[in-house]
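Chemist: structure of the sequence below:
(one chain, ligands or ions: 1)
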Amino acid sequence: MSIDVTRDGAVAIVTVNRPEALNALNLETIQELRSALQAVATDDSVRAVVLTGAGEKAFIAGADIKYMSTLTVLEARAWGALGHACASLLESMPKPTIAAINGFALGGGCEMALGCDIRYASTKAKLGQPEINLGILPGWGGSQRLPRVVGLGIAKELIFTGRMVDAAEAARIGLVNAVFEPEELLPKTLELAQQLAGKSPSAMAFAKQATNLALQGSVADGLAQEATLFAALFATEDQSEGMGAFIEKRPPSFTGR
Ligand code: CAA
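Modeler: Predicted coordinates for the structure are as follows:
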């Protein structure tokens with residue numbers, strides 16, 4: 001098994017564990033990753049998900065180049081779909097996903113991080129979309145998600161040159177939310193994940209659904225969906241609890257009902 005799933009209370013930590021290949025995703029590993037993400041997505045006891053890589057060097061050094069080197073067009077299509085499925089699960093599952101980028105996040109690795117809602121990085125992290133140097137383009141969502149995160153001009157520069165950015169530059173261009181010393185990365189990520197896991201699951205799910213619409217379609221359509229989601233939350237016990245707790249000057253206790 002090259003994907004480990006561990007728990008810290010309501011937080012699931014999904015670790016790509018193939019350090020001998022810098023956690024590059026081959027067929028077996030990405031299929032396992034998809035199954036692990038499907039499992040945490042549908043497990044109501046999981047309220048936040050952390051994605052990280054095993055070892056000191058890499059988050060995920062990309063799709064496995066040795067595996068990809070002999071793919072036919074049809075196989076490449078299926079390979080692209082597998083990566084899309086994983087990144088889309090991270091992006092759309094009804095709970096927050098956080099990438100703890102502990103080293104190289106290249107190609108498909110950067111694309112998995114881009115699927116996450118929030119990215120924290122260690123000072124040792126290096127991120128990039130080097131596919132151009134292999135004669136291909138980012139095929140697991142990078143051509144669409146990178147521009148949405150850092151803007152079209154910077155995304156084009158990174159995708160066209162294939163150059164890596166270090167953690168400080170990644171923070172400056174908005175590719176990662178924050179940077180920590182290597183030993184602080186997981187504790188800080190888990191602190192955030194626990195904070196998010198304590199929120200109302202229904203409010204969190206709807207907030208994620210609404211914000212995911214922000215860069216798609218028209219503002220009018222997005223506002224219409226926001227209005228529906230906002231109103232629907234007034235049918236939940238968590239809304240009564242959250243507002244009641246504020247009025248009674250006590251911390252809320254959310255159940256997801
Ligand atoms: N695929 C397969 N194996 C990989 C790999 C990858 N993406 N990245 C690293 N490895 C393997 C290396 O082949 C090596 O294995 P061997 O010892 O068996 O040769 C091992 O991991 C250690 O790597 P290096 O010796 O190269 O380590 P380094 O410290 O010298 O360099 C690195 C690190 C700069 C990350 C370098 O490994 C590298 O450039 N890797 C490739 C990064 C890349 O191009 N990723 C994008 C892939 S394409 C993609 O992801 C397409 C997509 O959008 C779906």
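Chemist: I'd assumed T15 was in contact with G55.
Modeler: No - assessed by C-beta atoms under 8 Å, G55 is found out of contact with T15, at 9.7 Å. Bear in mind the C-beta positions are built from the backbone N, C-alpha and C, glycine included.
Chemist: now do the lengthiest helix in the chain: distance to the chain's middle.
Modeler: Across the chain, the longest stretch assigned as helix under DSSP state H is helix 73-92. Offset of helix 73-92 from its chain centre (C-alpha atoms, centre = their mean, to the nearest Å): 14 Å.
Chemist: packing partners for the helix or strand following it?
Modeler: With elements assigned by DSSP states H and E, the helix or strand that comes after helix 73-92 is strand 97-101. Judged by 3 or more C-beta pairs under 8 Å, 6 or more residues apart in numbering; DSSP states H and E, strand 97-101 is in contact with strand 48-53, strand 58-60, helix 108-115, strand 118-122, helix 182-197.
Chemist: as CSV, the ones you listed with mean neighbour count and distance to L71 would be great.
Modeler: Below are those laid out as CSV (neighbours: other C-beta atoms under 10 Å; distance: least, C-beta to C-beta, whole Å):
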stretch, mean neighbour count, distance to L71
strand 48-53, 27, 24
strand 58-60, 29, 19
helix 108-115, 30, 14
strand 118-122, 26, 29
helix 182-197, 18, 34
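Chemist: quick one: closest of those to the ligand.
Modeler: The ligand lies closest to helix 108-115 among those, at 3.4 Å (C-beta to the nearest ligand atom).
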